[in-house]
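**Q** Let's see this in three dimensions:
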Amino acid sequence: QGHDIIFGTSFGYMDPMENVAKKFPDVKFEHATGYKQGPNFANYGLRLYQARHVQGVIAGMMTKTNKICYVAAYPIPEVIREINTYYLGAKSTNPDVTIDIVWVYTWYNPQKEQDAAVALMQQGCDVIAQHTDSPAPLQAAEKEGRFGFGQASDQIKFAPKAQLTATIDNWGPYYIKKVGQVLDGSWTTGDYFGHMDDGSVEMAPFTNMPAEVAAKAQEVKDAIRDGKYFAFTGPLNDNEGNQVLADGEVADRKHLDTMMYYVEGIDAKVPN
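**A** As a prediction, the model looks like this:
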């Protein structure tokens with residue numbers, strides 16, 4: 001149809017887009033959250049695990065049952081690493097915390113998301129994180145007088161008494177930049193990985209929490225943004241006792257993009 005640039009905005013589009021890109025070498029293809037590239041096929045993503053770690057710091061301080069939980073979409077590295085960093089954040093402020101995970105195998109299905117949240121709360125979870133896109137888990141938390149985090153955007157209007165903060169995915173500047181490059185002829189393939197420092201990973205205001213919790217969250221957020229703190233730093237073991245990062249070793253991009261293990265302390269197995 002004559003389009004000059006096409007964006008694929010979900011992990012599952014990666015292989016089909018790669019194949020189509022080879023058939024249309026004059027069209028630019030941009031794929032989100034993957035790891036493959038080609039002459040006219042670029043990859044882009046965000047370090048959303050940075051904000052998720054801050055959520056974990058908050059969750060560890062806010063839980064009264066020492067049980068936090070996670071409504072997860074699909075068992076892919078993007079989701080696995082956010083579960084891990086959420087748990088590591090919680091563990092840093094509450095060594096007694098445990099985490100339960102429910103996989104719903106969808107990015108958006110309000111009923112499934114709600115059912116998962118309710119099931120987790122019935123097991124004692126009182127702080128819910130989610131890697132799904134509807135506000136249903138947050139709304140379920142509010143109904144039960146518990147807490148949670150918004151996903152991808154500020155969802156405070158859906159659960160004003162339950163949302164503690166939210167990860168905000170700010171994709172707009174990247175899209176504007178890449179379309180502009182196509183228009184002026186400067187587009188090149190690449191691998192963009194946005195972060196807090198460039199404004200592509202943002203967080204909603206800290207709400208419904210004591211001042212000391214907000215202060216700790218801000219401290220960690222600032223350290224991450226300024227490049228002074230990185231959650232995936234060794235020594236780090238997986239939950240089967242294997243060392244995955246040596247003492248002082250920082251996970252590189254390849255490690256993050258292929259992370260298919262749970263960190264030590266998570267009592268669960270990654271689904272096949």
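
**Q** List of residues touching stretch 250-257?
**A** 35, 49, 77, 81, 191, 193, 230, 232-234, 244-245, 259 (C-beta atoms under 8 Å, 6 or more residues apart in numbering). For the C-beta atoms, the positions are set from N, CA and C on the backbone; glycine is no exception.

**Q** Of those, which pair is most distant in space?
**A** By the measure C-beta to C-beta, Asp191 and Gly234 form the most distant pair in the contacts of stretch 250-257, at 23.8 Å.

**Q** okay if I get the contacts of stretch 250-257 as TSV plus neighbour count and pLDDT?
**A** Putting the contacts of stretch 250-257 into TSV (neighbours: other C-beta atoms under 10 Å; pLDDT from 0 to 100) gives the following:
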residue	neighbour count	pLDDT
Tyr35	17	91
Tyr49	28	98
Pro77	18	96
Arg81	25	98
Asp191	14	95
Phe193	15	97
Phe230	15	98
Phe232	21	99
Thr233	14	98
Gly234	14	98
Val244	18	99
Leu245	18	99
Met259	25	98
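
**Q** tell me what the lengthiest helix in the chain is packed against?
**A** Longest helix in the chain, counting residues (DSSP state H): helix 77-93. If contacts are counted by 3 or more C-beta pairs under 8 Å, 6 or more residues apart in numbering; DSSP states H and E, helix 77-93 sits against helix 48-62, strand 67-72, strand 98-103, helix 253-257.

**Q** Which among the ones you listed is found nearest to Val179?
**A** helix 48-62 (22.5 Å).

**Q** how much distance is there from that closest one to the middle of the chain?
**A** Here helix 48-62 is found 10 Å from its chain centre; the criterion is C-alpha atoms, centre = their mean, to the nearest Å.

**Q** which helices and strands sit right next to that helix?
**A** Counting by 3+ C-beta pairs under 8 Å, 6+ apart, helix 48-62 packs on strand 67-72, helix 77-93, strand 127-130, strand 147-150, strand 163-169, strand 201-203, helix 211-225.
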